[in-house]
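Trainee: coordinates only, no sequence provided:
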Ligand code: NDP
C-alpha cells in the first residue's frame, strides 16, 4: 500500500489474489522465494502520456493516456483500453493485474496489460472522438506491436474507437499490421464473434456452474447490469438459452421489464443511436425506469450478471440479491463485486463465477483474432463460437480442479486465482526471474 499510494482498486485486486494463494504457498514454498510475488505485483513497465486534441470549438483539450505492460511471462501483453473520466493509475493497474491471470486461464499464449485515458467519449462528436483517438495512438504506437503488446476495447472503446486507432497506427507505422489491435471491424481483419464473445462467454461459464447443481438458464429470471458491449450479448445468449431477462441499466439508471427485455430496442438505443437506457420506456411503456444504478440488485432473480463496472455490487447489494433468491452470479464486468459482497455470496452458498474466469471469453476471442490475422484467414462465426464454448468449459474445469486440489472445493474465485497464478509463476521461474 505504501508503494502504490491511493490506488485502492489495485490494492483490492492484489489482496484478492494473494489471499487465494495462501494454500499454494504453504504447499510449494518455492513460490514465496526469490522475490517472485514482489515481481508479480510490480508492472514490467508503466507508460503515462499527454494526449492533446482540439475540440469542435477549436479549443485545445488535454487528457492523460496510460498503458501498463504488466507481465509478459506467457506471451505479448494483451488487454483493453478504457476511455472513462474515472481512469487513473489505480484503475489501469487493477485491470492489468487481473488480466495476467485471466489471460493465463484461457490457455492461449498472451501476457497481461491494460491501458486507457480519462477522456469521456460521452457527448463528443464523431470528429472529436477521431481527433482524440488519433492523438492517443500517435504516442501509444511506439510501445505496441503484434508480437509486443496488443490492445483491444473496454469501457468507452468499441468498434468506432478501435477503427480510428487502427487507421492512425497504419498511417504512422507505414504498414498493415492487422494483429496490432483486436476488436477490429470485420472489413479490415476483425474476427466474427469477437463483439459477442465476452457476453456469450460469461453465459457459457454460468451454464457450467448451474449444470453442476442440476440447474439451467431455461425459465430462470435474470438481471444484467449495464447495456454496453458485454451486457448486450450476455442478454442475447441468456435469452437464447430460455431465460427471462427482466432488467438492464446504464450509469444513469435501470429499466425493469417483467415481460422480458426487448433486445432489439436496447441494441438500437445503445449501438446505433447512442442514447440513454431511459429511452426504452418510451417504446415499451409497461416497463419502468428508475434513476440510479444500485436499485437493480433489489429485483428478485435467479441469476445476476453484473456487466457494467468495478465494485457495482457491495455487501448491501449482495444481501439484497440473496433476499431476492439469487442462485448464481456471473461477473461479466471486471471486479464488479467488492470483497465483502463475495463473502456474502460464499457464505450463503450462491454459485459465484469470478470475473477473471467468467469474462475471459473476450480476450480469448481476441487471441483467436490474432491467430486469424497471422494466418491471413477468417473463421466462420460458428467455428469461433465453438472454440469460445470449449475455452469457457476448459476454464470452468481448471477453476474447479485447482479449488479441489488446494482444499477450497467449490470456491471458483480461489480456483481461478490459483490456476492462473500457477501458469504465470511457472513461466516466470522457467525464464529466470532475477
Ligand atoms: P461499454 O462501454 O460497452 O459498456 C459499459 C456499460 O456499463 C454501459 O452501459 C455504461 O453506462 C455502464 N457503466 C460504465 N461505467 C459505469 C459506472 N461507473 N456506473 C454504472 N454503470 C456504468 O463497456 P463494456 O461492456 O466493454 O465493459 C463492461 C465491463 O466489462 C467492464 O468492467 C470491462 O472491463 C469488462 N470487460 C469487457 C470486455 C470486452 O470485451 N468489452 C472483456 C472483459 C471484461 P454508460 O453508457 O451510461 O456509461
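Mentor: Alright, I've got the coordinates. All figures in this text were calculated on a predicted structure; none of them were measured in a lab. Numbering: from 1, shown residues only.
Trainee: so which bits of stretch 103-118 are buried?
Mentor: 103-108, 110-118 (16 or more other Cβ atoms under 10 Å). Glycine gets a C-beta too; all of them are placed from N, C-alpha and C.
Trainee: up against the ligand, what does the stretch 51-200 of the chain have?
Mentor: Taking Cβ under 6 Å from any ligand atom as the measure of proximity, the stretch 51-200 of the chain contacts the ligand at 153, 154, 155, 156, 158, 198.
Trainee: show me which positions of stretch 303-315 end up buried.
Mentor: With burial defined by 16+ other Cβ under 10 Å, the residues of stretch 303-315 counted as buried are 303, 304, 305, 306, 307, 308, 309, 310, 311, 312, 313, 314.
Trainee: same list, those residues, but as TSV with distance to the ligand, secondary structure and pLDDT please.
Mentor: Putting these into TSV (distance: Cβ to the nearest ligand atom, whole Å; DSSP: H, G, I helix; E, B strand; the rest coil; pLDDT from 0 to 100) gives the following:
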residue	distance to the ligand	secondary structure	pLDDT
303	17	strand	98
304	14	strand	98
305	11	strand	98
306	9	strand	98
307	6	coil	98
308	3	coil	98
309	4	coil	97
310	6	coil	96
311	9	coil	97
312	6	coil	98
313	11	strand	98
314	13	coil	98
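Trainee: low pLDDT regions in the stretch 301-434 of the chain?
Mentor: In the predicted model, the stretch 301-434 of the chain carries pLDDT under 70 at residues 434.
Trainee: ok, 50 please
Mentor: Filtered on pLDDT under 50, the stretch 301-434 of the chain yields no residues whatsoever.
Trainee: got a list of what the residue nearest to residue 396 when sequence neighbours are not counted touches?
Mentor: In space, residue 396 comes closest to residue 208 once its chain neighbours are excluded; the distance is 4.1 Å by Cβ to Cβ, 6 or more residues apart in numbering. Neighbour list for residue 208: 392, 393, 396 [criterion: Cβ atoms under 8 Å, 6 or more residues apart in numbering].
Trainee: in which helix or strand would I find residue 208?
Mentor: When elements are defined using DSSP states H and E, residue 208 is found to belong to helix 194-211.
Trainee: next SSE downstream of the helix or strand encompassing residue 15?
Mentor: Using DSSP H and E, residue 15 sits within helix 8-20. Scanning the chain past helix 8-20 towards its C-terminal end, the next helix or strand to appear is helix 22-27 (assignment: DSSP H and E).
Trainee: show me what counts as buried in the top helix by length along the chain.
Mentor: In the chain, assigned by DSSP state H, the helix with the most residues is helix 381-405. By neighbour count, with 16+ other Cβ under 10 Å as the criterion, the buried positions of helix 381-405 are 384-385, 387-388, 391-392, 395-396, 398-400, 402-403, 405.
Trainee: hmm, it touching the ligand?
Mentor: No: looking at helix 381-405 against the ligand by Cβ under 6 Å from any ligand atom, there are no contacts, and the closest approach is 11.8 Å.
Trainee: now the residue sitting furthest away from the middle of the chain, what's its secondary structure?
Mentor: Going by Cα atoms, centre = their mean, the residue of the chain most distant from its centre is residue 58, 35.0 Å out. Three-state assignment for residue 58 (DSSP: H, G, I helix; E, B strand; the rest coil): coil.
Trainee: spatially nearest residue to the residue of the stretch 301-434 of the chain found nearest the ligand (excluding sequence neighbours)?
Mentor: Among the residues of the stretch 301-434 of the chain, residue 362 lies closest to the ligand, at 3.0 Å counting by Cβ to the nearest ligand atom. Sequence neighbours aside, residue 198 is the residue nearest to residue 362 in space, at 3.4 Å (criterion: Cβ to Cβ, 6+ apart).
Trainee: over to residue 130?
Mentor: In space, residue 130 comes closest to residue 164 once its chain neighbours are excluded; the distance is 4.9 Å by Cβ to Cβ, 6+ apart.
Trainee: check contacts around the one you found.
Mentor: Residue 164 makes contact with 129, 130, 133, 134, 137 under the criterion Cβ under 8 Å, 6+ apart.
Trainee: tilt between the helix or strand hosting residue 345 and helix 8-20?
Mentor: In the assignment (DSSP H and E), residue 345 maps to helix 339-347. Here helix 339-347 runs at 40 degrees with respect to helix 8-20, directions being taken by axes from the mean of the first three to the mean of the last three Cα atoms, to 10 degrees.
Trainee: check the offset of helix 339-347 from the chain's centre.
Mentor: Taking the mean C-alpha point of helix 339-347 and that of its whole chain, the gap between them comes to 20 Å (Cα atoms, centre = their mean, to the nearest Å).
Trainee: can you list contacts of the helix or strand just after that helix?
Mentor: Moving toward the C-terminus from helix 339-347, the first helix or strand encountered (DSSP H and E) is strand 351-353. Applying Cβ under 8 Å, 6+ apart, the external contacts of strand 351-353 come out as 202, 205-206, 209-210, 212-213, 327-331, 337, 342, 345-346, 412-413.
Trainee: for the helix or strand just after strand 351-353, packing partners?
Mentor: Where DSSP H and E defines the elements, the next helix or strand beyond strand 351-353 is helix 355-358. Identification of packing neighbours for helix 355-358 by 3 or more Cβ pairs under 8 Å, 6 or more residues apart in numbering; DSSP states H and E yields helix 89-105, helix 194-211, helix 381-405, helix 412-430.
Trainee: give me the phi and psi angles of whatever residue of the chain ends up closest to the ligand.
Mentor: The nearest approach of the chain to the ligand comes at residue 228, 1.7 Å away (Cβ to the nearest ligand atom). Summarising the backbone geometry of residue 228 under the convention degrees, to the nearest 10, its torsions are phi -100, psi -160.
Trainee: and the stretch 251-400 of the chain, which residues reach the ligand?
Mentor: If contacts are counted using Cβ under 6 Å from any ligand atom, the residues of the stretch 251-400 of the chain sitting beside the ligand are 251, 252, 293, 307, 308, 309, 332, 333, 334, 359, 362.
Trainee: just give me the neighbour total for residue 44.
Mentor: Around residue 44 sit 16 other residues, with neighbours defined as other Cβ atoms under 10 Å.
Trainee: who's in contact with the closest residue to it other than its chain neighbours?
Mentor: Excluding its sequence neighbours, the residue lying closest to residue 44 (Cβ to Cβ, 6+ apart) is residue 69, at 5.2 Å. Residues touching residue 69, when contacts are defined by Cβ under 8 Å, 6+ apart, comprise 43, 44, 45, 46, 47, 77, 96, 111, 113, 143, 149.
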